[in-house]
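Peer 1: build the 3D model from these lines:
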Amino acid sequence: KGVSQPARQTLPSLSSIMAGKVTFTKKTALMGAICDEDTCTGLLLGGIGDKDSKQRTNFLVCSGDTPVVDIEAKFKELTKRSDIAILLINQHIADEIRGLIDSHDSPVPTIVVIPSKEHAYDPSKDPEMERAKMMFAGEL
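Peer 2: Alright, predicted model coming up:
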C-alpha cells in the first residue's frame, strides 16, 4: 500500500492576504517552477518538488526543444492550482509565453522571473522590475 498524503488546504482569500492576516506554511502553499534543467534540479534538490492527488507535478523541466504549447499548458495548470503560491520561471522561458505572463493579474500565484546560468539577465524583460519602476517613477 502507498503512503497516505495529508489533506491539502486551499489558499486563503485575497482580502485576508491583502490585510496581512495570512501566514503561508508548507501545508497551505507550494512553489511551482518552469525552468531549465539546471535550475529545476537545484530547486528540486532544495525540496520544492511535489505531486498532487492527481499525480500532477508542480514543475516543468524545459529544454531548447520543449514545445511552447507544453510550456503554456503547464503555466495555465500551475496558475489555476489553489495550492501554488509562487511560480518561478526562467526569463528565457518566460519570453516564449510573454502574453500569458503579462495577462496574469492575480497576486496568487505570484510569478517570479528568474535568471538562468545559460542566458543573460535582461531587466527590461522582467515584469517585476517594470512594476517597481512604475511604483517609484524612475529608473532602478
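Peer 1: residues contacting the longest helix seen in the chain, please?
Peer 2: Counting residues, the longest helix in the chain under DSSP state H turns out to be helix 68-80. With C-beta atoms under 8 Å, 6 or more residues apart in numbering as the contact definition, helix 68-80 has outside contacts at 32, 34, 56, 58, 60, 62, 84, 87, 89, 93, 96-97, 100-101, 104, 106, 109, 111. The way it works is simple: take the backbone N, C-alpha and C, and place the C-beta from them, glycine included.
Peer 1: kindly report the same for stretch 129-140.
Peer 2: Counting by C-beta under 8 Å, 6+ apart, stretch 129-140 makes contact with 123, 124, all of which sit outside it.
Peer 1: which residues in this structure form helices?
Peer 2: Counting by DSSP H, the chain forms helices over residues 14-18, 37-45, 68-80, 91-94, 98-103, 127-136, given from the N-terminal end onward.
Peer 1: mean pLDDT, mean neighbour count and distance to residue 52 for those - can I get that in TSV?
Peer 2: As requested, those are arranged in TSV below (pLDDT from 0 to 100; neighbours: other C-beta atoms under 10 Å; distance: least, C-beta to C-beta, whole Å):
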stretch	mean pLDDT	mean neighbour count	distance to residue 52
helix 14-18	53	11	21
helix 37-45	95	15	16
helix 68-80	96	16	10
helix 91-94	94	21	22
helix 98-103	91	12	21
helix 127-136	76	12	27
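Peer 1: just send those back as JSON lines, with distance to residue 121 too.
Peer 2: Compiled in JSON lines, those are given as follows (distance: least, C-beta to C-beta, whole Å):
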{"stretch": "helix 14-18", "distance to residue 121": "29"}
{"stretch": "helix 37-45", "distance to residue 121": "13"}
{"stretch": "helix 68-80", "distance to residue 121": "19"}
{"stretch": "helix 91-94", "distance to residue 121": "6"}
{"stretch": "helix 98-103", "distance to residue 121": "16"}
{"stretch": "helix 127-136", "distance to residue 121": "10"}
